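Participant: Predicted model, plus sequence, below.
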Amino acid sequence: MNDSIVIIPTYNEIENIESIIRSVLSQHKFFHVLIIDDNSPDHTADKVVQLQSEYAGRLFLEKRAKKSGLGTAYVHGFRWALERKYEYVFEMDADFSHNPNDLEKLYKACHLGDADLAIGSRYVTGVNVVNWPLSRVLMSYFASVYVKLITGMKIHDATAGFVCYKRNVLEQINLDKIKFVGYAFQIEMKYRTYCNKFRIVEVPIIFTDRTKGQSKMSNSIIVEAVFGVISLRLKKLINTL
Ligand SMILES: Nc1nc2c(ncn2[C@@H]2O[C@H](COP(=O)(O)OP(=O)(O)OP(=O)(O)O)[C@@H](O)[C@H]2O)c(=O)[nH]1
Ligand SMILES: [Mg+2]
């Protein structure tokens, strides 16, 4: 039985979808892939369906009716994975910012090492970000400093979206409570893992800006993160997290 599923949320990733799927499924370590597509107008999902005959039993697709944000896409994927027997559940973007060759490093940190959550981290060894404008690097870096300050979590890359969870970490989180959409979702998942006293390990990776397709970053995602972190901390303080 394969123990690992890589969840990839997609919205208009037609330029990346085939190559990202092929790249993950040709890794030395055997992975399954679950695409969560929000009815992308560019027909990303149709491409996935085409590839499913080639990768029968390894490539799965969940379609949602409309764009509903990355956070709820992952929650949908986590539930799907927990209904099956996967032991390791990965999050990864479709845009090659996360290098599929690094998946195995995350897997090893959990499977051979003692990590319950392995984070592909940009900021353990300096700043490992390629081709982002300085403003974006600074925002992302200081977002992590801000999260550390407010929550007390000793994590260098709190907004990272390239991670591997052990099954029991996800089982212990009440997924019904997860409501954030963007970066705040990534922070919330890490904070809940941390509050549940699981072991979090950061694995250094190099993050590269997307070269194909459009970013879905928006100001509302930033605002959600800024206030979201404070609300998480307050909820923890009054025991309602
Ligand atoms: N299903 C689903 N996927 C989404 C949604 N928003 C973003 N994604 C996917 O989530 C991943 C990350 O989104 P990106 O647009 O790359 O966001 P980002 O990485 O924060 O920003 P950039 O790197 O600047 O593009 C990609 O695979 C997107 O296609 C959404 O609302 N629904
Ligand atoms: Mg991206």
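Facilitator: Received the coordinates, thanks. Residues are numbered from 1 along each chain as shown. Ligands and ions are numbered 1, 2, ... in the order given.
Participant: got the residues of this structure near ligand 2?
Facilitator: Selection of the chain residues close to ligand 2 by CB under 5 Å from the ion yields 93, 95, 97. For every residue, glycine as well, the C-beta is placed using N, CA and C.
Participant: What residues does the first one make contact with?
Facilitator: For residue 93, the set of contacting residues under the criterion of CB atoms under 8 Å, 6 or more residues apart in numbering consists of 8-9, 161-162, 210.
Participant: per-residue confidence at residue 22?
Facilitator: If you check residue 22, the pLDDT there is 98.
Participant: Which strand or helix spans it?
Facilitator: Secondary structure assignment for residue 22, by DSSP states H and E: helix 17-25.
Participant: ok, residues contacting that helix?
Facilitator: The contact list for helix 17-25 (CB under 8 Å, 6+ apart) reads 6, 8, 10, 13, 31, 33, 35, 44, 47-48, 51, 55, 58-59, 92, 94-96, 100, 103.
Participant: hmm, back to that, among the residues of the chain next to ligand 2, which one lies nearest to residue 196?
Facilitator: Here the nearest of these to residue 196, counting by CB to CB, is residue 93; it sits at 25.2 Å.
Participant: The closest one in helix, strand or coil?
Facilitator: Using DSSP: H, G, I helix; E, B strand; the rest coil, the structure places residue 93 in coil.
Participant: Mind jotting down where the strands sit in this protein?
Facilitator: 4-10, 32-37, 59-63, 88-91, 117-121, 129-130, 163-166, 200-204, 207-208 (DSSP state E).
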